[in-house]
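> return a 3D structure for these sequence lines:
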Amino acid sequence: MRRTIVPLAFMSLAACSSHQVPADKQTALLEQPFTPNSVMREGDVINFQVADPTDSGPPFWSSSQFSAACSQPQVNQVYSFKYRRFYPGNYGFYTPATPLPAQYHTVLMDNRDFTRACKNLPMPDWRQVAGADDQQQLLLDITSLQKKGDKVQFWSAHDEPKTSISPSNTAPFTQTREHYVMDCSARNATLLGLYYLNAKNEVTDGQIERLPVSKTVTTADEDLSRLFEHVCKAPDSLASLPAHKQRSKATVAADALPDVNPSVLKNIEQLRMPAPSRQLNYIEFAGTRSNGKIEWKDGKALTLSTDPTTGQLAIAHKNENHVGRQINWRGLLELSGREQAKLSHDTLVMKSLTFQGDWQHLNVGSKVGYTFTRSLSSNVLGKLGEDPETVECSVDSEQPAKKLHANLQGNAKALICRTNMGGFTLPQTEHYYYLVDYGFFYHARTDEKDYTSLNMQVVNAR
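Numbering: from 1, shown residues only. Presented below is the predicted three-dimensional model:
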């Protein structure tokens, strides 16, 4: 259960810039040309992004997101970005869009990009490509297709059966809309940008790709493959797709965790691990960390329960710097979780997980392992990589658990683990204990002289 919230060393830079746009600056922003690939129509409303006229370019991009009606004097400031995301009136967390005075709509009416969008962008015609009524549905706006040679540009969407929370900025959404360009001859797709929309079809979050990257369309990505088949191979059949029907969406708590991937749960169930014979409700650790030069005290406290939806372990944890909640497999693997510091938060979701070896018995001298990919999203750094990692462990020894803490019963098995990423084995060695009666792993030590090392002991358990 090893994860550290994104470092905040440069957060002071962001805090120096105001998240409330001065009134005289709003006019300058709304006079700017719209950011390429950011313009999306929803009924009478145009959603768009503009760059700050003082923007200095990468890596210090500065931009603002707005929505505005074509036929009514309505303009909303949705969010802005400078070093990190700012919502109106709030540094680190989602707040609804802020209406601006009608005078700013007058400014927009003199913006050529806005008037052109109102005049030329057709009303969306969303068709259902895949998905049952009670599942996530894949949609395609058939009026958005623009073909130039072998390339087709369009908007697609994933419509959710319930409200969810966006991973990077904790904004509520019921639909994501993706702006793609597909090269039909090269069979690749490039994501130009995406928006998260709430139940009212209002933008709550999003990202326009400044440096979009193409990827090959493969059968492994079923939705991209379906879109490719329709827009590249059978564009004349799009009008026969069923029209999308609005669905009622259940609400969600503002701090709700992302759903655990069903395939991950299935692979966990197939291990047939024995059920714990004892219940562990709370465990506290104290110890030290070091970076090879200095050493400092560290610790954490975990409150444990059972997640009613998945049957997996629910963990609430905290230390002096941050708090977090997660759904976890036996203390070893975080399946879904969020961590929060004063001005930052990140979200983790396990995308795939497979196991190797006999985890059911964990015999001393045996070897076990697991391979996983996970998605980590931060409101500071955005979405980080999803490269697969493989962890190989040897079951080193077994001892009475009371040697680790007097309150613990049964036996504890010691595991020694190494991690491989991209064909390279990381230098640190990780040491874990598995508390057999409680069905719970905990991270006890990291050995690596030139890296951050860790040494933790159980100081309380009940």
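
> quick one: mean pLDDT for stretch 68-83?
Stretch 68-83 comes out with an average pLDDT of 94.

> check which helices and strands whatever helix or strand residue 335 lives in sits against.
Using DSSP states H and E, residue 335 sits in strand 333-340. Helices and strands touching strand 333-340, by 3 or more C-beta pairs under 8 Å, 6 or more residues apart in numbering; DSSP states H and E, are strand 323-329, strand 345-356, strand 367-378. In short, each C-beta sits where N, CA and C put it, glycine included.

> which of those sits closest to residue 138?
Residue 138 lies closest, by C-beta to C-beta, to one member of the helices and strands packed on strand 333-340: strand 345-356, at 18.3 Å.

> could you say what helices and strands the closest one packs with?
helix 262-269, strand 333-340, strand 367-378.

> quick one, that strand and strand 333-340 angle?
Interaxial angle of strand 345-356 relative to strand 333-340 (axes from the mean of the first three to the mean of the last three C-alpha atoms, to 10 degrees): 180 degrees.

> how about strand 345-356: buried residues?
Judged by neighbour count (16 or more other C-beta atoms under 10 Å), strand 345-356 contains these buried residues: 345-350, 353, 355.

> can you list the strands that that strand pairs with?
strand 333-340 (antiparallel), strand 367-378 (antiparallel) (DSSP bridges).

> what helices and strands are in contact with the following helix or strand past the longest one?
Helices and strands here follow DSSP H and E; after strand 367-378, the next one along the chain is strand 382-383. Taking 3+ C-beta pairs under 8 Å, 6+ apart as contact, the helices and strands that strand 382-383 lies on are strand 367-378.

> ok, for residue 263, nearest residue in space, not its chain neighbours?
residue 352 (6.8 Å; C-beta to C-beta, 6 or more residues apart in numbering).

> scratch that, residue 279
That would be residue 438: by C-beta to C-beta, 6+ apart, it lies 7.3 Å from residue 279.

> show me the beta-bridge partners of residue 69.
residue 45.

> what's the answer for residue 446, then?
residue 430, residue 454.

> any chance of a markdown table for the buried residues of strand 345-356, columns pLDDT and distance to residue 282?
Below are those laid out as a markdown table (pLDDT from 0 to 100; distance: C-beta to C-beta, whole Å):
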| residue | pLDDT | distance to residue 282 |
| --- | --- | --- |
| 345 | 82 | 24 |
| 346 | 89 | 24 |
| 347 | 92 | 25 |
| 348 | 94 | 23 |
| 349 | 95 | 26 |
| 350 | 96 | 24 |
| 353 | 97 | 27 |
| 355 | 98 | 28 |
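
> circling back to that earlier point, what would the helices and strands packed on strand 333-340 look like in JSON lines with distance to residue 275?
As requested, the helices and strands packed on strand 333-340 are exported to JSON lines (distance: least, C-beta to C-beta, whole Å):
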{"stretch": "strand 323-329", "distance to residue 275": "14"}
{"stretch": "strand 345-356", "distance to residue 275": "18"}
{"stretch": "strand 367-378", "distance to residue 275": "19"}
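
> out of those, flag the one nearest residue 454.
strand 323-329 (17.2 Å).

> in its sheet, what does that closest one sit against?
strand 313-318 (antiparallel), strand 333-340 (antiparallel).

> residue 79: which of these is closest?
strand 333-340 (18.5 Å).

> run through the residues that contact residue 126.
139-141, 157, 243-244 (C-beta atoms under 8 Å, 6 or more residues apart in numbering).

> and those residues, which are buried?
139-141, 157, 244.

> ok, so of these, who is nearest residue 255?
Checking the buried ones among the contacts of residue 126 one by one against residue 255 (C-beta to C-beta), the nearest turns out to be residue 157, at 25.6 Å.

> ramachandran angles for the closest one?
phi -150, psi 150 (degrees, to the nearest 10).

> is it bridged to anything, and to what?
Bridge pairing for residue 157 - DSSP bridges - gives residue 139, residue 177.

> tell me the secondary structure at the residue sitting nearest the centre point of the chain.
Closest residue to the average C-alpha location of the chain: residue 167 at 3.4 Å, with C-alpha atoms, centre = their mean. Three-state call for residue 167 (DSSP: H, G, I helix; E, B strand; the rest coil): coil.

> same thing with residue 115?
helix.

> neighbours of it, just the number please.
Counted by other C-beta atoms under 10 Å, the residues lying close to residue 115 total 14.

> residues near the residue lying closest to it once chain neighbours are set aside, how many?
If the residues on either side of it in the chain are set aside, residue 115 comes closest to residue 109, at 6.6 Å by C-beta to C-beta, 6+ apart. By the criterion of other C-beta under 10 Å, residue 109 has 14 neighbours.

> okay, residue 109: pLDDT?
97.

> for it, grab phi and psi.
Residue torsions, per degrees, to the nearest 10, at residue 109 are phi -60, psi -20.

> which residues touch residue 281?
Per C-beta under 8 Å, 6+ apart, neighbours of residue 281: 303-305, 462.
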